[in-house]
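> next input, structure requested:
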Amino acid sequence: MRVNASTPLLLTVAGLLLVSCNRQSDSFAPQIVITSPASDTVTPRSNLVIKGYAWDDKGVMKLVLNGSTDLLAKGALSAQRGRKIVRFEIPADSLSGGKVSYELRAVDSGKRSATREIEVTVDSVLPKLTIDSVDSQTNSVAVSGTATDNQKVSRIAVNGEPLNVSPASKVEFYTVIPRSRRATITFIVKDGVGNALTRAIAMPLAPIIAPTLAPASTPLVIGRPPR
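Have a look, this model is predicted:
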């Protein structure tokens, strides 16, 4: 068999074209899906866990957290390196308050990458309650007040009975409580993430109503008629 001198060159060119075609065929960038928590979520807990998965048609080779740590390089997730679907759970136990951002970057075998950012706010601040007035009546007590929160007041209950309020950062309320043998009136105010404030005030005494006296009658004088 006679081999042409240009055969190695042709094979080299063909190989480069094949590699080039393979690289061009990987036009699909990795995808990152966060299943929990939702972005811009607010939580009262600092031991939050970020859950989700990254997937790619060729395989996920890197999953980089905050631009520095490759979660697939070592540790619990390293066994998933190169898989088309990589599932992850990242403890975010360093959260201490305020808004914190986490960035995840997935890289496939063709060096294509995609980035996903999630923002989490830790809210550990209790709502506040101001009692504006207490009107003691014979059979009931009328109370008005204001509840506030750094996020939103979601619920106000008085002696276990929820009031009809619309969630807002400031909620004014008025309620009439029937008198009972309870010694206190208990208020519970909750915000949107479950932080709760409980406050109790003494049940005011019923007003004392003085008895109504009948008007004195004009005495009847019996005597002799004038002369």
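
> please name the bridge partners of the closest residue to residue 115 other than its chain neighbours.
Sequence neighbours aside, residue 105 is the residue nearest to residue 115 in space, at 4.7 Å (criterion: Cβ to Cβ, 6 or more residues apart in numbering). Using the backbone N, CA and C atoms, a C-beta is placed for each residue, glycine as well. Assessed by DSSP bridges, residue 105 has beta-bridge partners residue 64, residue 115.

> same deal with residue 198?
residue 188.

> let's see the distance spanning stretch 50-61 from one end to the other.
20 Å (Cα to Cα, to the nearest Å).

> buried residues in that stretch?
50, 52-56, 58-61 (16 or more other Cβ atoms under 10 Å).

> can you list those residues in JSON lines and add distance to residue 74?
Formatted as JSON lines, the buried residues of stretch 50-61 follow (distance: Cβ to Cβ, whole Å):
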{"residue": "50", "distance to residue 74": "19"}
{"residue": "52", "distance to residue 74": "20"}
{"residue": "53", "distance to residue 74": "19"}
{"residue": "54", "distance to residue 74": "17"}
{"residue": "55", "distance to residue 74": "21"}
{"residue": "56", "distance to residue 74": "20"}
{"residue": "58", "distance to residue 74": "22"}
{"residue": "59", "distance to residue 74": "18"}
{"residue": "60", "distance to residue 74": "15"}
{"residue": "61", "distance to residue 74": "14"}
